[in-house]
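Return atomic coordinates for the entry below.
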Amino acid sequence: MLIGSLLVASFAIFGALYLAPGSALAALSGGRALPPASVAILDQRYHLNAPFFVQYWYWLDNALHGNLGISITLRENVSTLIGSRIWTTAGLVLYASVIICVIGIGLGVIAGLRPGWLDTSALVTTAVTAAIPAFVASIVLILLFAVKLGWFPALAAGTGGGFAGDLRTFTLPAIALALSSLAIVARVTRAAIREESDREHVQTAISRGIPPRQVIQRHILRNAAIPITTVSAITVASLTAVSAVVETAFSMNGLGAYLVQAAQSKDLAVVQGISLVLVAAFVLVNLFADLLYAVLDPRVKLGAKAS
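Modelled structure (predicted):
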């Protein structure tokens, strides 16, 4: 299933750029007029005169061997360029994921188990934050915590000062990236907790005098773990795409911001390479969630449908 998903994704990425307006030769040459000898070299190197499926096969074969082509603008290997930026995006997404899982799930559990003013406050807060786009959150956070208060740097173009320095640099971008997703996870968690709390077997366990802590752990949290894990995995996986907006706002040297630059400069090989890496990350995160299902609930078998 994993291999099939990656193959479909790679075909979609290559096909989309193949069908994009303009010719591949113009993209490879940067729009410059080339002598016939140079055109012949590009035709031979990239198999531009070959049928679509032949071009796709050559590109996929090279990608599987770690060769994603050469950047038009920088004249460097795309794999090297991606490798120098991937840890910035990975660190940002990981930091945002921790914020989403810890605060989002925690807030949802508390709101689901404790109806009243706390639940109402959580609903109102998450309704507002869920509607805030990442670029708006980035601007507000920069103005408030970087410009006015000076607690964090306004730009995260570089890192330094060890782990503590990197943590401080990545805090505002991670919050901006996690804010709306955190609200979604919190609301879904609350709904799942409420649904499990109202089930008949839970009410029966309470009426039999089973301690509330055991009821919460054995019945409510256990059964609610699957939908919570599902929405958390999808949300975390989607951060790889949203990160482009946040990286651009904070001038971060990550894959998302570089993808935007490459698209603007029509750097074909870079766009294809970064898109393939981001899709692969999305698929791997969802695969991890599938494996986590069996750990959280032994009744779920890998490769089988949950009942």
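
make it CA atoms for all contacts and neighbour counts henceforth
Will do.

Does anything pack onto the one helix or strand residue 99 maps to? Which helices or strands?
Residue 99 belongs to helix 78-99 when assigned by DSSP states H and E. Contact analysis of helix 78-99 by 3 or more Cα pairs under 8 Å, 6 or more residues apart in numbering; DSSP states H and E lists helix 162-197, helix 222-249, helix 255-264, helix 268-296 as its packing neighbours.

Low-confidence ranges, the stretch 201-307 of the chain, go.
Across the stretch 201-307 of the chain, the ranges flagged by pLDDT under 70 are 201-219, 293-294, 296-307.

Show residues contacting the helix or strand hosting residue 124.
In this assignment (DSSP H and E), residue 124 forms part of helix 117-129. Helix 117-129 has contacts (Cα atoms under 8 Å, 6 or more residues apart in numbering) with 107-108, 110-112, 179-180, 182-184, 186-187.

Now tabulate the residues you listed in TSV and tack on pLDDT, distance to residue 51 and neighbour count.
Formatted as TSV, the contacts of helix 117-129 follow (pLDDT from 0 to 100; distance: Cα to Cα, whole Å; neighbours: other Cα atoms under 10 Å):
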residue	pLDDT	distance to residue 51	neighbour count
107	88	54	24
108	86	53	29
110	84	58	17
111	83	58	25
112	80	57	25
179	88	46	23
180	86	44	22
182	89	46	29
183	88	47	26
184	88	45	23
186	88	49	31
187	87	49	24
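
Deepest-packed of the helices and strands packed on helix 78-99, please.
helix 162-197 (a mean of 22; mean count of other Cα atoms under 10 Å).

elements contacting that one?
Under the contact definition 3+ Cα pairs under 8 Å, 6+ apart, helix 162-197 sits against helix 78-99, helix 106-113, helix 117-129, helix 134-141, helix 222-249.

Could you dump these into JSON lines with distance to residue 166 added?
Below are the helices and strands packed on helix 162-197 laid out as JSON lines (distance: least, Cα to Cα, whole Å):
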{"stretch": "helix 78-99", "distance to residue 166": "9"}
{"stretch": "helix 106-113", "distance to residue 166": "25"}
{"stretch": "helix 117-129", "distance to residue 166": "26"}
{"stretch": "helix 134-141", "distance to residue 166": "17"}
{"stretch": "helix 222-249", "distance to residue 166": "15"}
